[in-house]
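*Asks:* whatever this is, show me its structure:
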Amino acid sequence: MFNVRVYGIMINEQKQVLVSDEYIRGGYYTKFPGGGLEFGEGTIECVIREWQEELNQQVEVVEHIYTTDFFQISAFDNKTQIISIYYLVNPLSPFTAKLLDRPFNFIIPEGVTEVEGARWINWEEFSAEAVTLPIDKVVADLVKARY
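*Replies:* Residues are numbered from 1 along each chain as shown. This next block holds a predicted model:
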C-alpha cells in the first residue's frame, strides 16, 4: 500500500522558510505544508489545493525539488509506504494565514486529534533538525544547499 504526499516549500523575501507545526494523533510534528494526493488529482493540483485548504493561500509551483527515492514506512500506521513529492512554491495572493510565534503555540481542545499552525523559520535556524519527518529532513538539507 502506498501513500503519496505532496508538499510546498515557500521561502519569503526575508529568507525564512514556512513550516507547519502539527499535533496528530498524540504526536507533535514540524513539517512542510501539504498533504495527501487524492484519487484523480495531479501532484501540482494537490499542492495548490493543500495550500488553499490549510493556509488559505493561493500559490504557484515554481519547480520540483525532490521525490522520495528511498523506502519510508508511515509513522502513523507502520504498514504503508510513503512517497513524498516536494515543490518550491511562490505566493499568488497576500500571505494572510495566522502565524504561530513559537513552535506548537496552540491549544488542543479536548477530544481533538489534529491541530496545526504555520510559522516562519529564519534561514540561519532552518536545517534538517528543524523538521520532524525523515523525508522532510532530506529535503531541508537539499533546500539549504540549493537556495
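
*Asks:* C-alpha from now on. contacts and neighbour counts both.
*Replies:* Noted.

*Asks:* who are the contact partners of the nearest residue to A140 once chain neighbours are set aside?
*Replies:* The shortest distance from A140 to any non-neighbouring residue, by CA to CA, 6 or more residues apart in numbering, is to A128 (5.1 Å). A128 sits next to 136-141 when contact means CA atoms under 8 Å, 6 or more residues apart in numbering.

*Asks:* got the buried residues for the helix or strand hosting I44?
*Replies:* Using DSSP states H and E, I44 sits within helix 43-55. The neighbour-count check on helix 43-55 (16 or more other CA atoms under 10 Å) flags 43-44, 46-51, 54-55 as buried.

*Asks:* cool, stretch 109-116 as well?
*Replies:* The neighbour-count check on stretch 109-116 (16+ other CA under 10 Å) flags 115-116 as buried.

*Asks:* okay, how far is it across that stretch, tip to tip?
*Replies:* 12 Å (CA to CA, to the nearest Å).

*Asks:* contact partners of that stretch?
*Replies:* So stretch 109-116 is contacted by 20-26, 104, 106, 108 (CA under 8 Å, 6+ apart).

*Asks:* what do you get for stretch 41-61?
*Replies:* With CA under 8 Å, 6+ apart as the test, stretch 41-61 has contacts from 6-8, 33-38, 85, 87-97, 118.

*Asks:* return the residues in contact with Q81.
*Replies:* Neighbouring residues of Q81 by CA under 8 Å, 6+ apart: 1-3, 71-74.

*Asks:* give me the mean pLDDT for the one helix or strand G117 maps to.
*Replies:* Assessed by DSSP H and E, G117 sits inside strand 114-122. Across strand 114-122, the average pLDDT comes to 96.

*Asks:* from the chain's centroid, how far away is that strand?
*Replies:* With CA atoms, centre = their mean, to the nearest Å as the basis, strand 114-122 stands 9 Å off its chain's centre.

*Asks:* how about stretch 75-90?
*Replies:* 9 Å.

*Asks:* give the buried residues for that stretch.
*Replies:* Neighbour-count burial for stretch 75-90 [16+ other CA under 10 Å]: 81-90.
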